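Chemist: Based on what follows, work out the 3D shape:
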Amino acid sequence: MLVTGVARQLGGRFVRRIQRDPEVDRVVAVDAVPPEHHLGGADFIQTDIRQPTIARVLAESGADTVVHMDVTGTPLGSGSRTTVKETNVIGTMQLLGACQKSPNVKRLVIKSSTNVYGSAPKDPAVFTETTPPKSLPSGGFAKDTVEVEGYVRGFARRRPDVAVCVLRFANILGPTADSPLASYFSLPVLPTVFGYDPRLQFVHEDDVIEVLRIASHEPERGTLNSGTFNIAGDGVLLLSQCSRRLGRPTVPLLLPAVTWAGSLVRTLGMSDFSPEQIRLLTHGRVVETVQMRETLGFRPKYTTAATFADFARAQVPGLLPPQVVAAAVDRIAALPALSGGRASTRTPTQNPTQSAN
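Modeler: The predicted model follows:
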């Protein structure tokens, strides 16, 4: 088995986990930089998947399974957005070219993202794997994933003998999560879009490792681990619920002001507050996971709420205790000026604009 993106915590965890499976004889771990964490008994080869040398590495390894985890939205170390895009897109092209030439490769697993659906005001309430996006992502990591999946579909047509599994992960969170949304939730005050309370889904990093492990093996009886699958924990959380559970106050801003704030935050290097993330925090995104359960045969250990709770426990405490934030929101929601002259009977987690999202 050959695994890319092992210098990241998630990639390193997967490499250590997959080695414990008796069906796996050898793991070749690949990345452009040496990992700071241990990889167990895996053979680490330092190579940049953007370069043609990945074909030689794959050929010499004799790997029959390739798990491509080097598709990500955050730079590694001092890397830039340009480097991330090149690794996502050009790196995937080079890796697929290497897989196409290798007669040994029989299984390919791609770590993708539900970002391929984008976030738009007229989106359906729930996306299935076959639902086309209302508007294709125009940039950032979301556009990268659309391009990556396009190249993967082309590879699958050229090599129908290879079982290809594309896993579209919802926002990945957990104690060690490294993602733009995790950085956003780590801010002391959370900028939000005035009038919107988006629905969000999360998947726990432990579940990410487990579903990657399942997808990298031959399917069990009654399951099929080739195709495209949405991967997310059960349930949804509103952004307002997330802020309250973190104990972090929100600052509702008009959309132009949020865009300006995002540019400021990026300049300060505090978070990747990109336009695509602003759209997510405006319109939200929810995906259906029936195929994950019935076809892939995977059931997450963590719900969306449990995933966020585990993430929150590892965070620096917010400016205010969560119960104080919750009480303040309840009092504000009950003000006559905000409820048409009478006390509101709506719960704080319900948003009048939600149905439009």
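Chemist: give me every residue that touches Cys165.
Modeler: Going by Cβ atoms under 8 Å, 6 or more residues apart in numbering, Cys165 touches Arg107, Leu108, Val109, Ile110, Ala215, Asn225, Ser226, Gly227, Thr228, Phe229. Heads up, the C-betas are built off the backbone N, CA and C, glycines and all.
Chemist: And for Thr192?
Modeler: Going by Cβ under 8 Å, 6+ apart, Thr192 touches Leu239, Ser243, Thr250, Val251, Pro252, Leu253, Val258, Leu281.
Chemist: could you redo the last one with a cut-off of 6 Å?
Modeler: By Cβ atoms under 6 Å, 6 or more residues apart in numbering, the contact list for Thr192 reads Thr250, Pro252.
Chemist: separation between it and Ala312?
Modeler: Separation of Thr192 from Ala312 (Cβ to Cβ, to the nearest Å): 17 Å.
Chemist: Correct me if wrong, but Gly12 is in a helix.
Modeler: Yes. Assessed by DSSP: H, G, I helix; E, B strand; the rest coil, Gly12 belongs to a helix.
Chemist: so what's it up against?
Modeler: By Cβ under 6 Å, 6+ apart, the contact list for Gly12 reads Val6, Pro35, His37.
Chemist: Equivalent analysis for Leu95, please.
Modeler: Leu95 neighbours (Cβ under 6 Å, 6+ apart): Ile49, Ile54, His68.
Chemist: which of the residues in whatever helix or strand it lives in are buried?
Modeler: Counting by DSSP states H and E, the element that carries Leu95 is helix 91-101. Neighbour counts over helix 91-101 (16 or more other Cβ atoms under 10 Å) mark Gly91, Thr92, Met93, Gln94, Leu95, Leu96, Gly97, Ala98, Cys99 as buried.
Chemist: now the third one, nearest residue through space, not along the chain?
Modeler: The reference is to Met93. Leaving out its chain neighbours, the residue that sits closest to Met93 by Cβ to Cβ, 6 or more residues apart in numbering is Tyr151, at 5.7 Å.
Chemist: For Glu254, give me its contacts.
Modeler: You called it Glu, but residue 254 is Leu. Phe194 are the contacts of Leu254 under Cβ under 6 Å, 6+ apart.
Chemist: I'm done for today, thanks for sticking with me.
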